[in-house]
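K.L.:
sequence plus predicted model, see below.
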Amino acid sequence: MDFKTGDVLAGYHFSVQIEGVEIAQFKELTGLSAEVQVIEHRENKVGGLPVLKKLPANIKYGDITLKHGKTDSKAVWDWHKQVQQGDIAGARKNGSVVLYDYQHGEVARFNFTNMWPSKVSLGSMTASGNDVLLEECVITHEGVAPA
């Protein structure tokens, strides 16, 4: 394992690509994760001494949540509508989250397979507010791997 030293990456310098096309400007991206679940197997040794073995089980991928300022685009809602209408095959897309360094060069990429929107929502609205209206999209997928 090579843990390089040097400048760390800034959390604001990223893009999202779906089918190779960079989409919308995003304010926030959370949930990028992969987890190997654990099987706990308990046995007894000779003499009744307990033994606990931990073994790898299924891999679980976290849903990705994207937030951005709402515009007049209906693309996210139309994509979600495909899922609602049962067109799962048509809704599934491959995509990437790309991380950049301070000179805007790509330094890391995480590729996702068979992603589709499981939830879309609008943030809170208040007549006395001064905030941008946020649109949120939760993306479910079947795998993530660094490129």
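P.N.:
Here it is on my side, so go on.
K.L.:
now do the buried residues in stretch 4-23.
P.N.:
With burial defined by 16 or more other Cβ atoms under 10 Å, the residues of stretch 4-23 counted as buried are 14, 15, 16, 17, 18, 23. In short, each C-beta sits where N, CA and C put it, glycine included.
K.L.:
got a markdown table for those residues, with distance to residue 122 too?
P.N.:
Shown next, in a markdown table, are these (distance: Cβ to Cβ, whole Å):
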| residue | distance to residue 122 |
| --- | --- |
| 14 | 23 |
| 15 | 23 |
| 16 | 19 |
| 17 | 24 |
| 18 | 21 |
| 23 | 18 |
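K.L.:
quick one: least confident helix or strand in the chain?
P.N.:
Within the chain, judged by mean pLDDT, DSSP states H and E, the helix or strand with the poorest mean is strand 21-23; its value is a mean of 85.
K.L.:
roughly how far apart are the residue nearest the centre of the chain and residue 21?
P.N.:
Nearest to the mean C-alpha position of the chain, by Cα atoms, centre = their mean, lies residue 64 at 2.7 Å. Using Cβ to Cβ, to the nearest Å, one gets 17 Å for the distance from residue 64 to residue 21.
K.L.:
longest single strand anywhere in the chain?
P.N.:
strand 106-122 (DSSP state E).
K.L.:
and for it, what's in contact with it?
P.N.:
The set of residues external to strand 106-122 that reach it, using Cβ atoms under 8 Å, 6 or more residues apart in numbering, is 9, 18, 32, 63-64, 70, 76-77, 79-80, 82-83, 88, 91-101, 133-147.
K.L.:
again, only using 6 Å
P.N.:
Strand 106-122 has contacts (Cβ atoms under 6 Å, 6 or more residues apart in numbering) with 76-77, 79-80, 83, 91-99, 101, 135-147.
K.L.:
give the buried residues for the biggest helix by length in the chain.
P.N.:
In terms of residue count, the longest helix belonging to the chain (DSSP state H) is helix 75-84. Neighbour-count burial for helix 75-84, counted by 16+ other Cβ under 10 Å, picks out 76, 79, 80, 82, 83.
K.L.:
spatially nearest residue to the last one, not counting backbone neighbours?
P.N.:
Same thing as residue 83. Counting by Cβ to Cβ, 6 or more residues apart in numbering, residue 91 is the residue found nearest to residue 83 once chain neighbours are left out, at 4.8 Å.
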